[in-house]
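Novice: what follows is a predicted structure for the sequence shown.
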2 protein chains.
Amino acid sequence: MEVRDCLISAPGKAILHGEHAVVHGKVALAVSLNLRTYLKLKARSDGKVCINLPNIDTFVCWELSELKQLTSSSEEIQRLDAELVKRLRKFIGVTNENLDSSASAILAFLYIYLSLFGSGDMPSLTMSVWSELPTGAGLGSSAAYSVCLAAAFLCATGNIPTPLKEWEQTGRWCQEDLELINSWAFQGEKIIHGNPSGVDNAVGTWGGMLRFLAGKIIPLSRVPLLRILLTNTKVPRSTKVLVARVKDKINKFPSVMIPVLDSVDAISCTCEKVLTEMTCEPITGDHYNILEELIDINQHHLNVIGVGHPSLDMLCQVTAARGLHSKLTGAGGGGCGITLLRPETDSTTVQGTMKDLRDCGYDCWETSIGGPGVQQHFPSSVKEEIMEVLNRY
Amino acid sequence: MEVRDCLISAPGKAILHGEHAVVHGKVALAVSLNLRTYLKLKARSDGKVCINLPNIDTFVCWELSELKQLTSSSEEIQRLDAELVKRLRKFIGVTNENLDSSASAILAFLYIYLSLFGSGDMPSLTMSVWSELPTGAGLGSSAAYSVCLAAAFLCATGNIPTPLKEWEQTGRWCQEDLELINSWAFQGEKIIHGNPSGVDNAVGTWGGMLRFLAGKIIPLSRVPLLRILLTNTKVPRSTKVLVARVKDKINKFPSVMIPVLDSVDAISCTCEKVLTEMTCEPITGDHYNILEELIDINQHHLNVIGVGHPSLDMLCQVTAARGLHSKLTGAGGGGCGITLLRPETDSTTVQGTMKDLRDCGYDCWETSIGGPGVQQHFPSSVKEEIMEVLNRY
């Protein structure tokens, strides 16, 4: 069989409020981050399957005949086919438990490719992926990749339709198709992360915002698109260590810390309420005032629970000097932060702030949160520089 | 009659934890601040009564004959003698409601002098006062003055004994005498402030630390002496405006703010517990670690409830750069902050930090909290520069 060429994208993820508190039974709000991962499928006629992942310097080609030996036909999407994973690990020569990004991306590709095509005619193709997201920064880059993989191959096998209409630049799938994409993307996430929460792939699939509470993920129907700066302090941190630090601090000062988690919970709920209001009444400066206040309060709380970092203090200070409000997003202890921009924030302010942040040694992007989830694109609807990268292969 | 010369001192006050939260029914910990007010009584034989308050440029002399017309004999210490206050205001020519520091200091002096001597033989004397405390900075300078006034005149009238033993440098009174001093000092505070909480005069009288909850003041028997830096940012602020701001913020975000007040309450209780432990077990670095953590957490909370200020952020930043932990004390929005020093903090660090803070334009003192309350002194036990000021008059 020959696949139809297609171009898919999925967004990254940021935690707007509730990081860490969510580990202790409180609400977290996860939002789509409009730094996207783009995946291009292209048919080949030489019996090869090639993948190009220039972000992580990964370029591999196999003969179809090699892959055919690994055949799987489970199409099981409720749980991972452990036997297949084992075969694949052996195939690519991975022995240790901790996979690097290259190995995990290859494994996720092979797992989904073989699960979906393994029972029938396996196509010769090139898959090229380019992401605007930094890797390993807690911004859901692996989930965006898994979502793109799932959507592309579900489309290619005809499990879901091609949603792109001729007269549209981008197409989206219906709810049922999104559920299927999300399920397969979750398999990819399991291969990459072992025991993921499922939040990242859900955000990558549905976009917008979702409420995460006690393992339950509830996509919120409508949220406004918010302009933000996303800053990567590039200070490395271990989520595991930070989660343990918070737990220790709660155990050390329970009467002091438990109310702080309650307050964080209330921040998430208040924020959700305001964002919902913003979709059904005229947006005013007051809405933004509240969003800004909640960001400031939560950033203080995150410092209190012990996941702040001087680099994040600096981010807050630099943006505050321009009248902007920031908080860390995700694990903290370095990593990334978000800065809310107002609709009226002018480009001089934005450019100046980005320059200040880059002068601190940080990476900084102007982007938005709350945008669409996985999409199919006409090539002409995608930024030139991205198409330029994808067309190299 | 002729008074015996005497020299009295009383400490200022700082809030260690619980400022603002106390307005909303939570615990506050008030501690004595070892920046002291010194009062010297000296007999005269020319029938004059003179007061010298060089801190506030106030120097007044009266003829005894003038004061005798104002005679009072109430000795009422449960409530203020409103008639006497009225006569006194007329006597010194005050008409408006808001007294300046000079007028209120004179009124408090006259009230206590006349109440205690008015029924008998009024002595000719000079009272000179010098304070290490800045005025109007929320550090209990008026209460320290009122406590000295009360102790000096209760001593002079023989209502309480002279506690100084010949072989001692300083003397303190027994519990019962302290109660009496505190009651009279509270009258002075009422004249100066209208509706004081009674915390400041209690701290000035008992020293150490006290727990303040729902209007009830409980002196804590033993607390360790803690080295601190006291910094005055000199940024003016209105306590009334700040209290209103906190109330507004609680009304705006009750579910977010009420847990923060609960957390502040727990900070005060945890701190009290640790300080109590420090008096009955060997003091370790761990005790100081906890005290530092509580200071940091509370400073974040005070920012959350809206009483922070860039000058206080700067104070925290400057001291953090030296490994020291600071929080605002009192109303916030500028005003004063305290920085905890460890027993082992060396003088290079202390001097360097003080220089940095002074370079910010702040006043800064190395002092301690938790020290003794009102005391009588032998002149030789008092710092030379203070005696030098008091002996000028």
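Specialist: Sure, I can see it.

Novice: okay, buried residues for the longest strand that chain A contains please.
Specialist: Scanning chain A for the strand with the most residues, using DSSP state E, yields strand A:28-43. Neighbour-count burial for strand A:28-43, with 16 or more other C-beta atoms under 10 Å in any protein chain shown as criterion, is recorded at A:28-42. C-beta: built from backbone N, CA, C; applies to glycine.

Novice: which helices and strands does that strand pack with?
Specialist: strand A:6-17, strand A:125-131, helix A:141-156, helix A:199-206, strand A:209-213, helix A:254-280, strand A:363-369, helix A:384-390 (3 or more C-beta pairs under 8 Å, 6 or more residues apart in numbering or on different chains; DSSP states H and E).

Novice: got the angle between the following helix or strand past it and helix A:141-156?
Specialist: The helix or strand immediately downstream of strand A:28-43 is strand A:48-53, counting by DSSP states H and E. Here the directions of strand A:48-53 and helix A:141-156 differ by 150 degrees (axes from the mean of the first three to the mean of the last three C-alpha atoms, to 10 degrees).

Novice: strand A:48-53 pairs with which strands?
Specialist: strand A:58-63 (antiparallel), strand A:125-131 (parallel) (DSSP bridges).

Novice: angle of that strand against strand A:28-43?
Specialist: 140 degrees.

Novice: and the stretch 151-300 of chain A, which of its residues are near chain B?
Specialist: Selection of the stretch 151-300 of chain A residues close to chain B by C-beta under 8 Å from any C-beta of the partner chain yields A:253, A:255-257, A:259-260, A:262-263, A:266-267, A:269-270, A:293-294, A:296-297, A:300.

Novice: distance between whatever helix or strand residue A:291 lives in and the chain's centre?
Specialist: Residue A:291 is part of helix A:285-304, with elements assigned from DSSP H and E. How far helix A:285-304 lies from its chain's middle: 23 Å, per C-alpha atoms, centre = their mean, to the nearest Å.

Novice: helices or strands next to the helix or strand following it in the packing?
Specialist: The helix or strand immediately downstream of helix A:285-304 is helix A:310-320, counting by DSSP H and E. Packed against helix A:310-320 by the contact rule (3+ C-beta pairs under 8 Å, 6+ apart) you find strand A:325-329, strand A:336-340, helix A:347-359.

Novice: count of neighbours near the closest residue to residue A:299 other than its chain neighbours?
Specialist: In space, and not counting its chain neighbours, residue A:299 is closest to residue A:327: 4.0 Å by C-beta to C-beta, 6 or more residues apart in numbering or on different chains. Residues within reach of residue A:327, counting by other C-beta atoms under 10 Å in any protein chain shown, total 25.

Novice: for beta bridges, what are the partners of residue A:327?
Specialist: The partner residues for residue A:327, given DSSP bridges, come to residue A:338.

Novice: looks like it contacts residue A:301 (just checking).
Specialist: No. At 9.4 Å, residue A:327 and residue A:301 do not qualify as touching, with contact defined as C-beta atoms under 8 Å.

Novice: domains in chain A, by residue range?
Specialist: A:6-221+A:373-391, A:226-369 (the TED database).

Novice: what residue ranges in chain A score low on pLDDT?
Specialist: A:72-78 (pLDDT under 70).

Novice: which residue sits farthest out from the middle of it?
Specialist: Centroid-distance maximum for chain A: residue A:255 at 34.7 Å, with C-alpha atoms, centre = their mean.

Novice: what's the closest non-adjacent residue to that residue?
Specialist: residue B:266 (3.7 Å).

Novice: contacts only, for that neighbour.
Specialist: Contact analysis of residue B:266 by C-beta atoms under 8 Å, 6 or more residues apart in numbering or on different chains lists A:253, A:255, A:256, A:259.

Novice: where's the closest residue to chain B within the stretch 101-250 of chain A, which helix or strand?
Specialist: Of all residues in the stretch 101-250 of chain A, the one sitting closest to chain B is residue A:249 (8.3 Å; C-beta to the nearest C-beta). According to DSSP H and E, residue A:249 maps onto helix A:239-252.

Novice: could you check the angle helix B:254-280 makes with that helix?
Specialist: 70 degrees.

Novice: which SSE is residue A:188 in?
Specialist: Here residue A:188 is assigned to helix A:175-193, by DSSP H and E.

Novice: got the residues of the stretch 1-150 of chain A near chain B?
Specialist: So the stretch 1-150 of chain A never meets chain B (C-beta under 8 Å from any C-beta).

Novice: any idea which residue of the stretch 1-150 of chain A lies closest to chain B?
Specialist: residue A:17 (10.7 Å).

Novice: who's in contact with stretch A:50-60?
Specialist: A:44, A:61-62, A:101-102, A:105-106, A:109, A:125-131, A:135, A:389, A:392-393.

Novice: change it to 6 Å
Specialist: Here stretch A:50-60 makes contact (C-beta atoms under 6 Å, 6 or more residues apart in numbering or on different chains) with A:61, A:101, A:102, A:105, A:109, A:126, A:127, A:128, A:129, A:131, A:393.

Novice: from those, list just the buried residues.
Specialist: Counted by 16+ other C-beta under 10 Å, the contacts of stretch A:50-60 give A:101, A:105, A:109, A:126, A:127, A:128, A:129, A:131, A:393 as buried.

Novice: in the sheet, who's paired with the fifth one?
Specialist: For residue A:127, the residues forming beta bridges with it (DSSP bridges) are residue A:41, residue A:51.

Novice: could you check how far it is from residue A:108?
Specialist: In this structure, residue A:127 and residue A:108 are 11 Å apart, going by C-beta to C-beta, to the nearest Å.

Novice: I figured residue A:141 hits residue A:130, correct?
Specialist: No. The pair residue A:141 / residue A:130 is not scored as a contact, 11.5 Å apart, by C-beta atoms under 6 Å.

Novice: the two: which has the busier surroundings?
Specialist: residue A:141 (27 against 23).

Novice: about what we covered before: for residue B:223, find the nearest of the domains of chain A.
Specialist: domain A:226-369 (19.9 Å; C-beta to C-beta).

Novice: count of residues packed around residue A:194?
Specialist: 11.

Novice: tell me who's in contact with residue A:270.
Specialist: Applying C-beta under 6 Å, 6+ apart, no residues contact residue A:270.

Novice: from residue B:163, how far out is it?
Specialist: Residue A:270 is 57 Å from residue B:163, by C-beta to C-beta.

Novice: again with residue A:166
Specialist: 99 Å.

Novice: who has more neighbours, the two?
Specialist: residue B:163 (17 against 5).

Novice: quick check: residue A:24 touching residue A:261?
Specialist: Yes. If you go by C-beta under 6 Å, residue A:24 and residue A:261 touch, sitting 5.3 Å apart.
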